[in-house]
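Participant: Sequence and predicted structure are below.
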Amino acid sequence: MLTKVQIVSLALGLLGQKPITSLENQSNITTAAEQACDMLLPYIISTGQWRFCTKIQQLSQLVATPVVSEWAYIYELPADFLKLIRLYPHNYAFQIYDQNQMYSNVNDDDQGLYLEYQYKPTYGELPYYFSGFLIYKIAEYLALSNAHDVQFSQKLAQDMVVAEAKGLAADAQNRPNFPLISQPIITDRAVSSFVNG
């Protein structure tokens, strides 16, 4: 896996800058690239559907009671929580407050309440397909301020879209595909004609 220094260095390379081996005492563009990296990583994950940074964890019910009567229970969200995907058992009656608490009417006494969510991984946890996209995203983010060339920025944006599509395609292989639409008429007709010959 790539380190943060390697990711920033490769992004700088796309911008025509010299590679770096450290983030200490660097130029303004390197500092900007490092800051962009820290900001873009959680942004990309929290606005996409990346499976590599998905966890399932049981929620802890807090002893505090909700301040409004609409909700019965408060659950503490994990410290690394970025975005909710789903709850187990399936439940759509909840609200998230302060990005660290979930108000709900589900009591976890019976089977527990589990949260499937996306978290911010460390740089060492990033798969290569995501790191490749992040490198392009950093370079595209800084392109106009560094190169002052609209065509260069547009070319990086095009390359970034390709890198994102490839990354998402690779990441999608971490989860099987399911049909989106049930087709009982076609399915039943096919079975019926086979049985009745």
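Facilitator: Arrived safely. Residues are numbered from 1 along each chain as shown.
Participant: For Gln61, give me its contacts.
Facilitator: When contacts are counted by Cβ atoms under 8 Å, 6 or more residues apart in numbering, Gln61 touches 73-76, 107-108, 113. Glycine gets a C-beta too; all of them are placed from N, C-alpha and C.
Participant: Just name the closest of these to Ala139, please.
Facilitator: Glu76 (38.1 Å; Cβ to Cβ).
Participant: what about the closest one, how many residues close to it?
Facilitator: 14 (other Cβ atoms under 10 Å).
Participant: now it, which residues is it bridged with?
Facilitator: Judged by DSSP bridges, the bridge partners of Glu76 are Ser60, Gln101.
Participant: how close does it sit to Gln61?
Facilitator: Per Cβ to Cβ, to the nearest Å, Glu76 is found 8 Å from Gln61.
Participant: any weak-confidence spans in this structure?
Facilitator: 108, 110, 146-149, 171-197 (pLDDT under 70).
Participant: who's in contact with the spatially most central residue of it?
Facilitator: For the chain, the residue nearest the mean C-alpha position is Ile45 (2.4 Å; Cα atoms, centre = their mean). By Cβ under 8 Å, 6+ apart, Ile45 lies in contact with 53, 82-83, 118-121.
Participant: In JSON lines: the residues you listed, plus neighbour count, secondary structure and distance to Lys137.
Facilitator: Compiled in JSON lines, the contacts of Ile45 are given as follows (neighbours: other Cβ atoms under 10 Å; DSSP: H, G, I helix; E, B strand; the rest coil; distance: Cβ to Cβ, whole Å):
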{"residue": "Cys53", "neighbour count": "24", "secondary structure": "helix", "distance to Lys137": "15"}
{"residue": "Leu82", "neighbour count": "18", "secondary structure": "strand", "distance to Lys137": "16"}
{"residue": "Lys83", "neighbour count": "18", "secondary structure": "strand", "distance to Lys137": "18"}
{"residue": "Gln118", "neighbour count": "23", "secondary structure": "strand", "distance to Lys137": "17"}
{"residue": "Tyr119", "neighbour count": "18", "secondary structure": "strand", "distance to Lys137": "19"}
{"residue": "Lys120", "neighbour count": "13", "secondary structure": "coil", "distance to Lys137": "15"}
{"residue": "Pro121", "neighbour count": "20", "secondary structure": "coil", "distance to Lys137": "15"}
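Participant: how about these, which pair is most distant?
Facilitator: Greatest spatial distance in the contacts of Ile45: Lys83 and Pro121, 13.1 Å, computed using Cβ to Cβ.
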